[in-house]
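sequence? don't have it. structure:
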């Protein structure tokens with residue numbers, strides 16, 4: 001690949017990635033707004049996060065006990 005090709009590739013890639021990133025963020029925000037309008041979603045999300053948080057804390061506690069001091 002020539003230097004010119006590398007330069008062109010870089011100048012095309014950067015704006016493309018930025019554009020896709022912005023579009024993805026907007027889509028995620030729109031989806032989140034729609035989901036939060038649903039009456040059951042916030043409750044289900046809270047329960048799911050609580051479950052996995054508890055599991056993670058338990059695993060961390062186990063790992064902490066195994067380490068020699």
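Received, thanks. Keep in mind the model is a prediction, meaning the values are calculated, not measured. Numbers count the residues shown, from 1 in each chain.

Give me the below-cutoff pLDDT ranges for this structure.
Applying pLDDT under 70 to the chain flags the ranges 66-69.

longest helix in it, by residue count?
Identified as the longest helix of the chain according to DSSP state H is helix 3-37.

next structured bit after it?
Toward the C-terminus, helix 3-37 is succeeded by helix 41-66 as the next helix or strand (DSSP states H and E).

And that next one, how far out from the chain middle?
18 Å (CA atoms, centre = their mean, to the nearest Å).

same thing with stretch 19-37?
Relative to its chain's centre, stretch 19-37 lies at 12 Å (CA atoms, centre = their mean).

quick check: angle from the longest helix of the chain to helix 41-66?
110 degrees (axes from the mean of the first three to the mean of the last three CA atoms, to 10 degrees).

If you count contacts, what does helix 3-37 end up packed against?
Under the contact criterion of 3 or more CB pairs under 8 Å, 6 or more residues apart in numbering; DSSP states H and E, helix 3-37 touches no helix or strand at all. To be clear about C-beta, it is placed using only N, CA and C from the backbone, and glycine gets the same treatment.

let's see 10 Å
When contacts are defined as 3 or more CB pairs under 10 Å, 6 or more residues apart in numbering; DSSP states H and E, helix 3-37 packs onto helix 41-66.

and the helix it packs on, what does it pack onto?
Where contact means 3+ CB pairs under 10 Å, 6+ apart, helix 41-66 is packed against helix 3-37.

Other residues contacting stretch 33-48?
The contact list for stretch 33-48 (CB atoms under 10 Å, 6 or more residues apart in numbering) reads residue 32.
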